[in-house]
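> how would this look folded up:
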Amino acid sequence: MWRILLGIMYLTAFCEASEYIFSYRVAARDSMLLNEKYYFSPAMVSANILRQAKNPYKKCTISHEAKTEKALLRDYKEKILECFLNWGVKLEDNTQVQNLQGKSITYLMIPPTRIQIEYADGIATIYALTRDINKAIKAIKE
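Residues are numbered from 1 along each chain as shown. Predicted coordinates:
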């Protein structure tokens, strides 16, 4: 049992990829930005334990000049958001018209998504992680 735990800890400690939970939300009222929340939270449980695999269809490559992974997440926000916007978003709009005056509030959300970032000098690859057990088993065997 201890060997398995030490093996898992060893693999996660020396792996070049980091796992995060990403979410994004922006709210606008009458075309004016109210707030924006951009979160990257380190995953507390590794995806290998959860039997998740990289989704080859939800993959994005970003060229960068960041010195660290944290600098990449902070400084390349627009490029990272482009990746997620291509993968799909949730949009809510509430518009009311009264006495020929319109009021609207719009929410654009990217729900919390488990991702893996493979960071290298000059290139970072972001993968969405999926719960497909067959893909996960193949990935673990490779």
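> residue contacts, the residue nearest to the spatial centre of the chain?
With distances taken as Cα atoms, centre = their mean, the residue of the chain nearest its centroid is residue 22 (3.7 Å). Going by Cβ atoms under 8 Å, 6 or more residues apart in numbering, residue 22 touches 39-41, 84, 110, 112-113, 115. No exception for glycine: its C-beta is placed from N, CA and C like everyone else's.
> again, only this time at 10 Å
Going by Cβ atoms under 10 Å, 6 or more residues apart in numbering, residue 22 touches 38-41, 73, 80-81, 83-84, 110-115, 117, 126, 128.
> Please check those and keep the buried ones.
40, 73, 80-81, 83-84, 110, 113-115, 117, 126, 128 (16 or more other Cβ atoms under 10 Å).
> where does this protein dip in pLDDT?
Scanning the chain for pLDDT under 70 picks out 1-16, 132-142.
> repeat that with 90
Under the criterion pLDDT under 90, the flagged ranges of the chain are 1-19, 30-31, 39-59, 65-74, 83-91, 95-103, 111-116, 119-122, 128-142.
> Who are the packing partners of the strand ranked longest in it?
For the chain, the strand that runs over the most residues, judged by DSSP state E, is strand 101-120. Under the contact criterion of 3 or more Cβ pairs under 10 Å, 6 or more residues apart in numbering; DSSP states H and E, strand 101-120 touches strand 17-29, strand 32-42, strand 53-63, helix 69-75, helix 77-87, strand 90-98, strand 123-130.
> which of those sits most buried?
Among the helices and strands packed on strand 101-120, ranked by average contacts under mean count of other Cβ atoms under 10 Å, first place goes to strand 123-130 (a mean of 19).
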